[in-house]
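Student: need a 3D model of the sequence below.
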Amino acid sequence: MTTENLFLGPTARRPLRARTAHRAATAQGPSAWRLAALTASFGPLAAAGLPLAVYLPPYYAQNLGLGLPLVGAIFMLSRIWDAISDPVIGSLSDATRSRFGRRKPWIAAGAPVFGIAAAAIFAPSLFGVHPGALWLGAWLAVFFLGWTMIQIPLSAWAGEISSQYEQRSRVATYVQSATAIGLLSVLVLPALLDRLGPQVGSAEAKTLSMGGFIIATVVPTVVAALLLVREPPSPPRPATRANPWSALPLLLREPLLLRILASDFAVTLGQAVRGSLFVFFVSAYAGRPDLAAGLFLLQFIFGVFAAPLWLRISYRLGKHRTVIAAELLQAAINLGLLTVAPGSLALLVGLTVAQGLSQSAGNLMLRATVADVADKHRLETGHDRTGLFFSVFSLATKMGSAAAVGIALPLIALLGFKPGHVNTPEALESLKLVFALGPALAHLASAALMTGFNLDAIRHGEIRRALEGGAHLARDSAEGRLAPAE
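Tutor: Residues are numbered from 1 along each chain as shown. Coordinates of the predicted model:
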C-alpha cells in the first residue's frame with residue numbers, strides 16, 4: 001500500500017456497499033457489560049461537573065456572599081489550572097508501566113483526592129467553616145487534580161479498548177450515556193428538594209445532596225473499572241522520559257487534531273454559557289424559579305436517549321458529518337430562544353426538550369474521533385500518545401468551560417443583571433440575548449470547523465491495517481511530505 005493510497009483526499013470515496021461491508025466487518029467489539037463497567041465512572045465525573053457550572057457559582061456568589069465577578073474569576077482560574085495539569089497527567093499515564101497497567105494506578109490514586117475535595121466544596125459546613133475565596137480556590141485546585149487523575153487515563157483507556165472506527169463510536173456512546181445518566185441522577189436531587197418546599201429545598205441542601213451523591217457513586221464505579229476490566233497490552237516503554245511540554249508542539253502541528261480541539265472548545269463554550277445562565281434565565285426572565293431545576297432535569301432526561309440515536313445517525317453520515325448536523329441543529333434551537341417571552345412556558349419546554357435530544361452529539365462524535373487521529377499520529381511518528389491526545393482534548397473542553405463561566409457571569413453583571421434582585425426590563429433582555437446568541441454562535445463555529453474533515457471510516461481502516469502490519473510513517477522534513485520510515 002502506497003503513501004498516496006493511504007492518505008486519499010476527501011473526494012476519493014468508496015461506494016456505499018463498501019461502507020456497509022466495512023461496518024459488517026467491524027460489528028464485533030467489547031461486550032456490553034465490559035463497556036458498562038469501564039465507562040460507569042464517567043457518571044459521577046459528569047455529576048460533579050454540572051453543579052460546578054450551574055449550581056455552585058450562584059450558590060457561592062449569592063448565598064455565601066462572594067459576588068459574581070469574584071466567583072467567576074475563581075472558577076476560571078481553577079479551570080486554567082485544571083487545563084495545565086491535563087497534559088502532564090496524560091503524558092505520565094502514557095509512560096507508566098506497572099503490573100496493573102498504564103491507566104489503573106492513576107485512576108486508583110485520583111479517586112480519594114477527588115472525593116475529599118468534593119466534600120470540601122459541596123459541604124463546607126461539615127468542616128465547620130464559612131468558606132471564603134481562599135477556601136474555594138484551594139479546594140477547587142485539589143478537586144480538579146483528582147478529577148484529572150481519573151478522567152484522562154480513563155478516557156485514554158476507553159479510546160484504546162477498540163481499534164475500529166465504528167466501535168469507537170459505540171464506546172463513546174457508552175461514555176456519553178453514562179455521562180447523561182450521571183447528570184440526570186444529580187439533577188433529580190434539587191428538583192425533588194424544590195417540591196418539598198423552600199425550607200427543605202434551600203441552596204445549601206441542594207449542594208449537600210449533590211455532593212453526597214457524587215462521593216457515594218465515584219467509589220463503586222472506579223472499583224468496578226479497576227477490578228472487572230483489563231487494560232489492553234501496553235506498548236514498549238518509551239526510549240525517552242515523558243515530557244508533555246516537548247510533545248505538545250508536535251501535536252499542535254497536527255491539523256486534524258487542531259480542528260477537533262477548536263470544535264470541541266466551541267461546543268463546550270456554547271453548552272457552558274447556556275448551563276451557567278440557565279437558572280438565571282428560567283428564574284428571573286421566565287419568572288419561574290420553581291421550575292429551574294425541573295426544566296434542567298427534563299433536558300437531561302431526553303439527553304439519556306439521545307446518544308444511541310446519534311450513534312445510529314453516525315453509522316450513515318460518519319462522525320464528522322454527524323457533528324456538523326448536530327451543531328447546526330443546536331444553533332437553530334438556541335436562536336429559537338430569542339422568541340421566548342416571559343410566561344411562554346410551552347415554547348421554553350419544547351426548546352428544552354429539543355436541546356436535550358441534540359446536546360450530546362458533538363461531544364460524543366468528537367471524543368470518538370480523538371483515538372482515530374491518535375492512530376494517524378502513531379503511524380506517522382511511531383509514538384503512541386493516546387493519553388496525551390485525550391488530555392489536550394480534555395484541555396479544550398475545560399478551557400471552553402472556563403471561558404464560559406469567566407465571560408458569561410461578568411458580562412450579564414456588566415449589562416445590569418443582578419441575581420436575587422428585581423431587574424429592569426433592559427437587564428432581563430440582555431440576559432436573554434447572552435443566553436441565546438452566545439451558544440448559537442459557538443455551535444455555528446463548531447460546525448464550520450468540522451467542514452472538510454477528511455479522516456473517515458475508509459481512511460481510518462487503511463491506517464489501522466498499516467499499523468497492524470507493523471508499518472509507520474515519518475515526516476520527511478526536507479520535502480514536507482509523508483514518507484515510509486526506516
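Student: need the helices for the stretch 51-200 of the chain, in chain order.
Tutor: 56-58, 68-95, 104-122, 133-160, 165-195 (DSSP state H, counting those that start in this stretch).
Student: as JSON lines, those helices with distance to Asn363 would be great.
Tutor: Every residue, glycine included, has its C-beta placed from N, CA and C. Output for the helices of the stretch 51-200 of the chain, formatted as JSON lines (distance: least, C-beta to C-beta, whole Å):
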{"stretch": "helix 56-58", "distance to Asn363": "21"}
{"stretch": "helix 68-95", "distance to Asn363": "16"}
{"stretch": "helix 104-122", "distance to Asn363": "21"}
{"stretch": "helix 133-160", "distance to Asn363": "12"}
{"stretch": "helix 165-195", "distance to Asn363": "7"}
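Student: quick one: the helices in the stretch 301-450 of the chain, in order.
Tutor: Counting by DSSP H, counting those that start in this stretch, the helices of the stretch 301-450 of the chain are 319-336, 345-358, 361-381, 386-414, 425-449.
Student: list the buried residues for the fourth one?
Tutor: Within helix 386-414, the residues that qualify as buried are 386-413, counting by 16 or more other C-beta atoms under 10 Å.
Student: next one: stretch 316-332
Tutor: Buried, per 16+ other C-beta under 10 Å, within stretch 316-332: 317-331.
Student: show me where the stretch 351-486 of the chain dips below the pLDDT cut-off.
Tutor: Residues of the stretch 351-486 of the chain meeting the criterion pLDDT under 70: 470-486.
Student: likewise for the stretch 201-350 of the chain?
Tutor: 201, 235-248.
Student: so Val340 touches Val349, yeah?
Tutor: No. Using C-beta atoms under 8 Å, Val340 is not in contact with Val349; the gap is 10.3 Å.
Student: neighbour count winner among these two?
Tutor: Val340 (19 against 15; other C-beta atoms under 10 Å).
Student: that one and Phe281: what is the separation?
Tutor: 9 Å (C-beta to C-beta, to the nearest Å).
Student: farthest pair in the buried residues of stretch 316-332?
Tutor: Gly318 and Ala331 (20.2 Å; C-beta to C-beta).
Student: picking that back up, in a markdown table: the helices of the stretch 51-200 of the chain, plus mean pLDDT, mean neighbour count and distance to Glu426.
Tutor: Shown next, in a markdown table, are the helices of the stretch 51-200 of the chain (pLDDT from 0 to 100; neighbours: other C-beta atoms under 10 Å; distance: least, C-beta to C-beta, whole Å):
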| stretch | mean pLDDT | mean neighbour count | distance to Glu426 |
| --- | --- | --- | --- |
| helix 56-58 | 83 | 22 | 21 |
| helix 68-95 | 83 | 22 | 18 |
| helix 104-122 | 93 | 21 | 35 |
| helix 133-160 | 91 | 23 | 31 |
| helix 165-195 | 82 | 23 | 29 |
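Student: OK, contacts around Asn423?
Tutor: For Asn423, the contact set (C-beta atoms under 8 Å, 6 or more residues apart in numbering) comprises 284, 416-417, 431.
Student: meant to ask about Ala368
Tutor: Neighbours of Ala368 in contact, by C-beta under 8 Å, 6+ apart: 168-169, 171-172, 314, 319.
Student: any idea how far it lies from Thr322?
Tutor: Applying C-beta to C-beta to Ala368 and Thr322 gives a distance of 10 Å.
Student: shared neighbours of those two, anything?
Tutor: Ser314.
Student: now for the nearest residue to Phe302 once chain neighbours are set aside: which residues touch it?
Tutor: Nearest in space to Phe302, with sequence neighbours left out and distances taken as C-beta to C-beta, 6 or more residues apart in numbering, is Gly356 at 3.1 Å. Going by C-beta under 8 Å, 6+ apart, Gly356 touches 298-303, 306.
Student: Leu193 versus the closest residue to Pro308 other than its chain neighbours, what's the distance?
Tutor: Leaving aside its sequence neighbours, Pro308 sits nearest to Thr173 (C-beta to C-beta, 6+ apart; 6.2 Å). As for Thr173, its distance to Leu193 is 31 Å (criterion: C-beta to C-beta).
Student: backbone phi and psi for Ser162, please?
Tutor: Ser162 adopts backbone torsions of phi -140, psi 150, taken as degrees, to the nearest 10.
Student: is it true that it touches Arg34?
Tutor: No. Using C-beta under 8 Å, Ser162 makes no contact with Arg34, being 10.6 Å away.
Student: the two: who's more crowded?
Tutor: Neighbour totals were compared for Ser162 and Arg34, and Ser162 leads with 20 against 16 (other C-beta under 10 Å).
Student: the nearest residue to that one once chain neighbours are set aside - how many residues pack around it?
Tutor: Spatial nearest neighbour of Ser162, chain neighbours left out: Gly29 (5.1 Å); criterion: C-beta to C-beta, 6+ apart. When neighbours are defined as other C-beta under 10 Å, Gly29 has 17 of them.
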